[in-house]
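Q: below are the sequence and a predicted model; questions follow.
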Amino acid sequence: MIFKEFITSQGEILIYTGSPDLPLVDSLSRGPGDLWHSSLDQGYARVFPELVYQTAVFWWFLNDFENLDTSINWRINPSSFVVRKSVWNVFNGFSSDYESEDIAAFEMGYRMLRHGGAIPLYVKELYPPQKSKIEFSIRDRYRFYKKNFKTQHSVYMFLKLLKVNALKEFKTYWGVDKEILVKNTFPSIPARTLSGIKGNPTVSVVIPTMYRQNYTLQLLKDYNSQTYPVTQIIVVDATPEDKRDDTIYSRQDFNFKLTVRWQKSTGSCHARNEAIQLCRGDYIIFADDDTRILPDFVENHLKFLQKYNVEACNGLDISAPIHTDGLDKLKELYKRSKKNTLIAGAAMSFSNANSCVKRELVESIIGNDINFDGGYGEDTDFGFRLLKTGAILMQNPYSPILHLKPPSGGYRHWGLQASLIGKARKKQAWELDHPVKYIKPVPSPTILYGILKHYPENQVREYRSKYFFLYLFKGKKGNIFLRLLKLPYKRLQFNRSLFYAKNLLKLGERF
């Protein structure tokens with residue numbers, strides 16, 4: 001490719017195609033992006049929907065975030081983009097295995113975003129809009145799958161599209177299968193080196209807890225030893241009155257304002273929303289009660305957000321081998337994993353156990369949707385809604401937690417009721433006016449509710465199709481006959497879960 005060079009005011013070399021707004025480029029170079037384009041205004045929106053056959057609905061960036069000034073987007077227009085020269089060299093440019101340069105650009109954007117710790121960004125008015133019709137050959141589509149995914153995904157796409165054009169799909173699939181293509185490697189760029197904190201930002205911490213008062217106290221002591229002290233911590237404790245120690249938190253002296261709310265509502269979403277209402281810090285750290293943190297945890301969250309000029313990030317989540325492990329084990333595990341974990345980039349999920357978000361951003365989406373209480377998926381929904389505002393949610397490798405995951409306690413105490421049926425079961429919030437009787441809904445109705453909220457109907461159908469495909473063929477081959485016998489009941493369970501999910505959808509978001 002023929003590039004032009006642009007040297008930013010900070011002395012960094014960028015390379016570009018087309019005619020971008022260079023003063024805007026200079027400003028963008030100081031932010032989180034590594035590549036910038038305006039492809040959504042140039043005919044590239046929603047192109048390559050066949051990616052759904054690999055990722056179903058389990059990747060936030062399957063669909064474009066449209067009608068925003070800036071958003072994370074891997075659908076790159078090869079004739080109109082700007083990239084950091086160092087990043088272009090790491091990813092070695094576009095692959096020559098394709099007939100279409102468009103899909104080669106898509107592949108680079110995909111590799112950058114999903115595996116490479118680099119962020120491709122759509123930026124409105126960086127380039128002038130244009131009308132383009134983008135089409136890939138079926139051969140290039142199968143090449144993309146062969147180079148980037150396991151064979152089973154190509155087979156699945158082939159089976160799904162046989163009904164569209166059986167002869168063409170059949171010939172192309174087998175033709176590409178015989179081609180000798182270079183299997184993609186997935187290089188990554190290292191996280192930027194942190195600098196000192198600018199100004200004096202204040203930090204609030206939200207900790208919901210239930211049946212884990214000693215673990216919560218242990219975490220509060222970790223926050224009391226931070227190199228950058230937090231301003232306030234709000235503990236929302238749902239431990240029943242007859243099981244709790246009312247004085248456990250007040251016996252300690254802390255260097256932050258501690259507020260304890262005894263929760264009367266049910267669910268972690270309710271708890272976090274109650275706490276958010278009390279937060280006054282510039283940033284909010286969301287924490288789980290069963291975690292441990294190192295003394296520079298808060299400091300590194302703030303340094304990271306300022307370094308990348310973003311408003312939200314997740315920290316690392318390291319699982320403890322034993323739930324009684326402490327900070328020495330966290331230091332050991334973090335040091336051991338550093339070579340593989342010091343990658344930043346866009347977060348692929350949101351962590352309620354370890355995240356730091358600008359308070360104004362949290363307030364803009366109100367809080368957690370309480371329809372998720374008693375189930376799963378509230379963190380995914382929260383993160384997805386952040387992205388839909390145009391926020392850039394990043395992965396911060398400098399602020400790890402040790403996730404203890406003790407054998408009892410926590411808000412899943414309520415959720416465990418979902419595994420029961422009959423008289424022993426306590427009604428869950430998502431059941432509304434239709435208590436579960438004899439058919440246990442699977443998957444979790446709240447997971448399906450989140451999918452219905454954020455994905456179009458055709459992709460929900462694809463999720464359902466892949467759900468049963470994996471149920472039948474992913475397990476041991478010798479058990480496939482048994483799974484076939486169970487399939488009618490599995491369908492009943494799925495349909496029951498869908499019933500509850502649709503009821504939640506009709507109810508609408510609640511906070």
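A: Good, I have the coordinates. Everything numeric here is computed off the predicted structure, so don't read it as measured data.

Q: which residue packs closest to G31, ignoring adjacent ones?
A: Distances taken as CB to CB, 6 or more residues apart in numbering place N309 nearest to G31, at 4.6 Å, with adjacent residues excluded. The way it works is simple: take the backbone N, C-alpha and C, and place the C-beta from them, glycine included.

Q: quick one: residues contacting that neighbour.
A: Going by CB atoms under 8 Å, 6 or more residues apart in numbering, N309 touches R30, G31, P32.

Q: just the pLDDT at the closest residue to the last one other than its chain neighbours, thanks.
A: By that I understand P32. Taking CB to CB, 6+ apart as the measure, P32 lies nearest to Y308, with 4.4 Å between them; neighbours along the chain are not counted. In this model, Y308 is scored at 98, pLDDT.

Q: my guess is Y308 contacts G33, does it?
A: No. Contact status for Y308 versus G33: not in contact, 9.4 Å apart, counting by CB atoms under 8 Å.

Q: out of those two, which sits in the busier spot?
A: Legend: neighbour count by other CB atoms under 10 Å for Y308 and G33, higher for G33 (24 against 21).

Q: restricting to C-alpha, output stretch 97-109 in PDB.
A: This file holds the C-alpha atoms of stretch 97-109, laid out as PDB (Å, rounded to 0.1, in the frame of the first residue of the first chain):
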ATOM      1  CA  ASP A  97      -4.500 -14.200   0.700                       C
ATOM      2  CA  TYR A  98      -7.700 -12.400  -0.300                       C
ATOM      3  CA  GLU A  99      -9.200 -11.300  -3.600                       C
ATOM      4  CA  SER A 100     -10.800  -8.300  -1.800                       C
ATOM      5  CA  GLU A 101      -8.700  -5.600   0.000                       C
ATOM      6  CA  ASP A 102     -11.900  -4.800   2.000                       C
ATOM      7  CA  ILE A 103     -12.000  -8.100   3.700                       C
ATOM      8  CA  ALA A 104      -8.200  -8.000   4.300                       C
ATOM      9  CA  ALA A 105      -8.800  -4.600   6.100                       C
ATOM     10  CA  PHE A 106     -11.600  -6.200   8.100                       C
ATOM     11  CA  GLU A 107      -9.400  -9.000   9.100                       C
ATOM     12  CA  MET A 108      -6.700  -6.700  10.400                       C
ATOM     13  CA  GLY A 109      -9.300  -4.700  12.300                       C
END
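
Q: quick check: buried residues in it?
A: Buried residues in stretch 97-109, counting neighbours by 16 or more other CB atoms under 10 Å, are found at D97, Y98, S100, D102, I103, A104, A105, F106, E107, M108, G109.

Q: any idea how far F61 is from the residue nearest to G31?
A: From N309 over to F61 the distance is 20 Å, taken as CB to CB, to the nearest Å.

Q: could you break the chain into its assigned domains?
A: Split into domains by automatic domain parsing, the chain comes to 4-136, 203-403, 420-507.

Q: endpoint to endpoint, the first one covers what distance?
A: Meaning domain 4-136. With CA to CA, to the nearest Å as the measure, domain 4-136 spans 27 Å from end to end.

Q: got a pLDDT number for G422?
A: At G422, pLDDT is 65.

Q: kindly report the same for N73.
A: Here the pLDDT value assigned to N73 is 98.

Q: same thing with A56?
A: Here, the pLDDT recorded for A56 equals 92.

Q: count the neighbours of it for me.
A: Neighbouring residues of A56 were enumerated by other CB under 10 Å; the total is 22.

Q: so how far is Y455 from it?
A: 9 Å.

Q: and for the two, which residues touch both?
A: Counting by CB under 8 Å, 6+ apart, the common neighbours of A56 and Y455 are Y463.

Q: poorly predicted segments of the stretch 251-400 of the chain, please.
A: Within the stretch 251-400 of the chain, the stretches with pLDDT under 70 are 339-341.

Q: how about the contacts made by the most centrally placed residue in the chain?
A: Among the residues of the chain, S349 comes closest to the average C-alpha position under CA atoms, centre = their mean, at 1.5 Å. By CB under 8 Å, 6+ apart, the contact set of S349 is N314, D379, T380, G383.

Q: what count of nearby residues applies to the nearest residue to M394 once chain neighbours are set aside?
A: Counting by CB to CB, 6+ apart, the nearest residue to M394 once its immediate chain neighbours are dropped is C313, at 4.6 Å. Summarising burial for C313: neighbours were counted as other CB under 10 Å, giving 25.

Q: ok, what's across the strand from C313?
A: According to DSSP bridges, C356, M394 are recorded as the beta-bridge partners of C313.

Q: ok, now how distant is it from A191?
A: Using CB to CB, C313 is found at 11 Å from A191.

Q: how about the longest helix along the chain: buried residues?
A: Among the elements of type helix in the chain, defined by DSSP state H, the one spanning the most residues is helix 480-507. Taking 16+ other CB under 10 Å as the neighbour-count basis, helix 480-507 is seen to contain the buried residues R483, Q493, F494, R496, S497, L498, Y500, A501, N503, L504.

Q: what score does the third one have for pLDDT?
A: In other words, F494. 97.

Q: so for stretch 5-21, what's the average pLDDT?
A: For stretch 5-21, mean pLDDT rounds to 97.

Q: residues making contact with that stretch?
A: For stretch 5-21, the surrounding residues in contact (CB under 8 Å, 6+ apart) are 1-4, 22, 25-26, 29-30, 36, 78-86, 88, 125-128.

Q: for stretch 145-163, same thing?
A: Stretch 145-163 is touched from outside by 50, 53-54, 95, 97, 107, 110-111, 141-142, 169-170, 173, 176-177, 179, 181-184, 462, 465-466, 469, with contacts defined as CB under 8 Å, 6+ apart.

Q: rewinding a little: could I get the domains of the chain as TSV with distance to Q152?
A: Conversion of the domains of the chain to TSV gives the following (distance: least, CB to CB, whole Å):
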stretch	distance to Q152
domain 4-136	10
domain 203-403	21
domain 420-507	8
